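Colleague: build me a model:
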Amino acid sequence: MHFTDKIIWITGASSGIGKALAIELANNNAFLILSSRKKQDLAQIQKACKNPDNVKIVPLDLEKYDKLEEVAKLAIAAFGRIDILVNNAGISQRSLLKDTNIAVDKRIMEINYLGNIGLAKAILPHFITNKKGHFVVTTSIVGKIGTPLRSSYAASKHALHGFYDSLRAEHYKDNIAVTLVCPGFVNTNISKNALTGDGSPQNKMDTATANGLPANYFAQLMAKAIYKEKEEVYIAGAKEKLGVYMKRWFPKVFSILIRKISVT
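Modeller: Next up, the predicted model:
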């Protein structure tokens, strides 16, 4: 597996999966464009990458989705083209839906869905002109199944599946690929940064997240899925994967099991 001469734009690259993926792809000779709101953190990751001169930084805030066309132009200008967009940035949730302020639902949808597809729409004309492109989207296992404490997060990830399945079908003739990557529990700060019902961060690590897949191992598997242009891949523990298949084939049994998950 190698990504020699591939120009890959990664959002949410300042930590977690994005950071680990950047280092993994750099080790496989990719040229990288790293984006997030945290420019200083990106600079540190740039230094940690193999061949830092092949890594450019373009700050990005997905909540400002009306500015994403301008950001896309800057990203394209960094190396003259983009081959792969890894739409990875997002935010999670830890709150019961009855306790979740509608402003929190709105913010999660604006970041995880509108910001994500806004960036896709900004880069799509570039892919169409080049008659080649690849969207890689970090969704979630809860983009396939809804679980307690994650109603808004699950909704935002489900929405991404619908959007990108449609994009894949519409632009097949333009040689544009879509890879939907569905993580289970990965040991990152996602649960610490997750929004609670009033919009404040949870500020603590979930036990399941702490025991999740190491981010660098996850990145290795994600890189392989990107290289093979998989349409959809579940990178998760056995229980999370089982949930996806139970939901598909035994929905009533799944419903009984999922409501037994602790919501405290």
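Colleague: what's the pLDDT at Arg259?
Modeller: Predicted confidence (pLDDT) for Arg259: 87.
Colleague: give the contact list for it.
Modeller: By Cβ atoms under 8 Å, 6 or more residues apart in numbering, the contact set of Arg259 is Pro148. Where C-beta positions appear, they are placed from N, C-alpha and C, glycine not excepted.
Colleague: how much space between it and Ala155?
Modeller: Between Arg259 and Ala155 the computed distance is 18 Å (Cβ to Cβ, to the nearest Å).
Colleague: can you report how many residues lie near the nearest residue to Ala236 once chain neighbours are set aside?
Modeller: Distance criterion Cβ to Cβ, 6 or more residues apart in numbering; nearest residue to Ala236, sequence neighbours excluded, is Gly184 at 2.4 Å. Gly184 has 22 neighbours, counted by other Cβ atoms under 10 Å.
Colleague: which residue ranges of the stretch 1-150 of the chain form strands?
Modeller: For the stretch 1-150 of the chain, the strands defined by DSSP state E, counting those that start in this stretch cover 7-11, 31-35, 55-57, 84-87, 133-138.
Colleague: need the ones you listed in TSV with distance to Glu170, can you?
Modeller: Shown next, in TSV, are the strands of the stretch 1-150 of the chain (distance: least, Cβ to Cβ, whole Å):
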stretch	distance to Glu170
strand 7-11	21
strand 31-35	25
strand 55-57	30
strand 84-87	16
strand 133-138	12
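Colleague: buried by neighbour count: which residues of the longest helix seen in the chain qualify?
Modeller: Identified as the longest helix of the chain according to DSSP state H is helix 151-170. The neighbour-count check on helix 151-170 (16 or more other Cβ atoms under 10 Å) flags 151-161, 163-164, 167-168 as buried.
Colleague: right, and Met1 touches Asn28 too?
Modeller: Yes - between Met1 and Asn28 there is a contact at 6.2 Å, judged by Cβ atoms under 8 Å.
Colleague: which of these two has more neighbours?
Modeller: Neighbour count, other Cβ under 10 Å: between Met1 and Asn28, Asn28 has more, with 17 against 10.
Colleague: where does the chain have low pLDDT?
Modeller: Applying pLDDT under 70 to the chain flags residues 262-264.
Colleague: please repeat the previous calculation with a cut-off of 80.
Modeller: The chain contains residues with pLDDT under 80 at 1, 261-264.
Colleague: all the helices of it, residue numbers only.
Modeller: All helices of the chain, identified by DSSP H, fall at 16-27, 39-48, 68-79, 102-109, 116-130, 151-170, 190-193, 207-210, 215-227, 238-249, 251-258.
Colleague: and the fifth one, what does it pack against?
Modeller: It stands for helix 116-130. Helix 116-130 sits against helix 68-79, strand 84-87, strand 133-138, helix 151-170, strand 176-183, with contacts defined as 3 or more Cβ pairs under 8 Å, 6 or more residues apart in numbering; DSSP states H and E.
Colleague: can you list contacts of it?
Modeller: For helix 116-130, contacts defined as Cβ under 8 Å, 6+ apart pick out 9, 11, 60, 62, 65-66, 68-69, 71-72, 75-76, 81-82, 85, 87, 89-90, 133, 135, 137, 160, 163-164, 167, 171, 174, 176.
Colleague: quick check: buried residues in it?
Modeller: Neighbour-count burial for helix 116-130, counted by 16+ other Cβ under 10 Å, picks out 116-120, 122-124, 126-127.
Colleague: from the chain's centre, how far out does that helix sit?
Modeller: Remark: helix 116-130 is offset 16 Å from the chain centroid, using Cα atoms, centre = their mean, to the nearest Å.
Colleague: and the angle from it to helix 151-170?
Modeller: Angle, helix 116-130 to helix 151-170, by axes from the mean of the first three to the mean of the last three Cα atoms, to 10 degrees: 10 degrees.
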